[in-house]
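Student: Sequence and predicted structure are below.
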Amino acid sequence: GKWNDAAKAYRKWSAENAIWMKKGPLVSRKDRSEDFRDIGMWFLFQYNHAIPLSRTEQELGKAHSLVNGRFPIAVHIYSWHKHPHDVLVPDYFPAREGFAEMVGRLRKKGIRVMPYLNGRIWDWGHGDFKKVEKWMCRLANGKLHNERWGDRDFSAVCPAVDMWGDWLVDIGRKTVEDYG
């Protein structure tokens, strides 16, 4: 089959079985953010810390001008935080200098901004790793599950652990409160 056949099969299965679909399809739900309801085009920026935020803002300004208000646009921004992408995850604060101001300017233009947060892995080099190691996923032999990204080692955090859910909620809340 083709990829769209697989997507249709997954959609059918998820509509009937997935926990996140119990409240109905996202398009008809009232419990999702109005900010992201009718996005006509998504952009992804900032894989590289060497790219200045001003360039991201300029590129999004061009895109905003091209659509001329016909539909809302949004951006998923990576490397908005103090460390390069996927370094010392999940330590995100403070944001890069100028990030909060850039978000404010983009929002004034009607551009929605969603900072990237890795909700799955923990960097072995993070100062708290030894404290949280007990909540990492393990292989059948009891050893830590290891993922290597670039020159760094990570483990996936068990998604059922309350600590991880609380951590992610706190990070999300702080991101919204501090950076819009």
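Tutor: Received it, and whenever you're ready, just let me know what you need.
Student: Can you report how many residues lie near the spatially closest residue to residue 116 that is not a sequence neighbour?
Tutor: Leaving aside its chain neighbours, residue 116 sits nearest to residue 78 (4.5 Å; criterion: CB to CB, 6 or more residues apart in numbering). (Glycine included, C-beta is placed from N, CA and C.) Other residues lying near residue 78 total 18 when counted by other CB atoms under 10 Å.
Student: One more: residue 5?
Tutor: The burial count for residue 5: 9, using other CB under 10 Å.
Student: my read is residue 114 is in a strand, agree?
Tutor: Yes. Under DSSP: H, G, I helix; E, B strand; the rest coil, residue 114 falls within a strand.
Student: Identify the residue spatially nearest to it, adjacent ones excluded.
Tutor: Excluding its sequence neighbours, the residue lying closest to residue 114 (CB to CB, 6+ apart) is residue 76, at 5.0 Å.
Student: just to revisit the earlier point, quick one: the residue nearest to residue 116 and residue 92, what's the gap?
Tutor: Per CB to CB, to the nearest Å, residue 78 is found 11 Å from residue 92.
Student: Which secondary structure element is home to residue 101?
Tutor: Element membership for residue 101, per DSSP states H and E: helix 99-108.
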